[in-house]
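Trainee: Everything below, folded, please.
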Amino acid sequence: MRKILAAGVAALLITSLSAEAVAMENTKAVKVVQTAGRDALGDFAPEFARYNDDILFGEVWSRNDILSLHDRSIVTICALVGSGVLTDALKYHIQAAKKNGVTRDEMVEIVTQLGFYAGWPKAWAVFPMAKEVYGNDAAKTFDNVGEKITQTAGRKNLGDFAPEFARYNDDILFGEVWSRNNILSVHDRSIVTVSTLVGAGIFTDALKHHLAAAKANGVTKAEMVEIITQLGFYAGWPKAWAIFPMAKEVYTN
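Mentor: Numbering: from 1, shown residues only. Next up is the predicted model:
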């Protein structure tokens, strides 16, 4: 019964989001109309249903003129994977992401990056869902690998102690994965990384570093505020409170 209920809620979620994604313009907010909360839980948990339909979707997702539905889908998926939520809800958000304009190639890059920042087992758990959703979409052919990202932090800090890890960090994660920015932009890669770290509850200096990198990669203050607000709902309020002071420091300097 729980699975049926979850599937019904997620299906309704996708229907409303996809309709809005088709209509969305770049600079004009489009109201997201959601009824899944009231349809599934209105009699049992009416206030939660109201928060879901009127606040999370009617307000937060509807500020898509500040943070697009495309990027909100990325935040949501990465927050869920970082938090270890690998249920049918994740699959439905992958379906919503497709309808919100996240391409097959972008999704492959998102999940590949998740492997490094959330862990290999989680990436393996996500790929079958993504393959089912995008399996019929043709991969695009790219003529180049994007702008090369040069990283030396691995060798500088760990070269003598863990030389192979340092190589994987500098040459693979940054020299290859982050360098495929012609497929998934550094703007969106920063969204992936920040959302995943927050989902996983990692609030070390590494998160602050990636917030600064996000700013450098074109994530605006307004976008970051919306990212963290969305993370509050999908990763938890305490995690949003934990990241806001770091973000405020980065974006006010």
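
Trainee: Quick one: distance of stretch 140-152 to the chain centre.
Mentor: Centroid separation between stretch 140-152 and its chain, computed with C-alpha atoms, centre = their mean, to the nearest Å, is 21 Å.

Trainee: hmm, I was thinking of stretch 91-105
Mentor: Offset of stretch 91-105 from its chain centre (C-alpha atoms, centre = their mean): 11 Å.

Trainee: oh, and call the first residue 28 from now on, that's how I've got it
Mentor: All set: I'll call the first residue 28, so the last point we hit is now stretch 118-132.

Trainee: pLDDT averaged over that stretch - what is it?
Mentor: Stretch 118-132 shows a mean pLDDT of 97.

Trainee: quick one: buried residues of that stretch?
Mentor: For stretch 118-132, a neighbour-count test (16 or more other C-beta atoms under 10 Å) marks 118-127, 129-132 as buried. No exception for glycine: its C-beta is placed from N, CA and C like everyone else's.

Trainee: Let's see which of those residues end up in helices.
Mentor: 118, 119, 120, 121, 122, 123, 124, 125, 126, 131, 132 (DSSP state H).

Trainee: and which of those residues is nearest to residue 191?
Mentor: Closest approach to residue 191 among these (C-beta to C-beta): residue 132, at 29.1 Å.

Trainee: ok, the closest one - contacts?
Mentor: For residue 132, the contacting residues are 166, 167, 169, 210, 211, by C-beta atoms under 8 Å, 6 or more residues apart in numbering.

Trainee: residue furthest from the geometric center of the chain?
Mentor: Centroid-distance maximum for the chain: residue 187 at 34.3 Å, with C-alpha atoms, centre = their mean.

Trainee: mind giving me the domain split of this structure?
Mentor: Taking automatic domain parsing as the reference, the chain has its domains at 28-92, 95-114+127-167+210-280.

Trainee: Distance across the longest one, terminal residue to terminal residue?
Mentor: By that I understand domain 95-114+127-167+210-280. Criterion C-alpha to C-alpha, to the nearest Å; first-to-last residue distance in domain 95-114+127-167+210-280 is 25 Å.

Trainee: hang on, the earlier thing: tell me which two in the ones in helices among the buried residues of stretch 118-132 are the farthest apart.
Mentor: Comparing all pairs in these by C-beta to C-beta, the longest separation belongs to 119 and 132, at 21.0 Å.

Trainee: Residue 195 versus residue 234, what's the distance?
Mentor: 20 Å (C-beta to C-beta, to the nearest Å).

Trainee: Looking at the two, which one has more neighbours?
Mentor: A side-by-side neighbour count of residue 234 and residue 195, using other C-beta atoms under 10 Å, places residue 234 first with 20 against 16.
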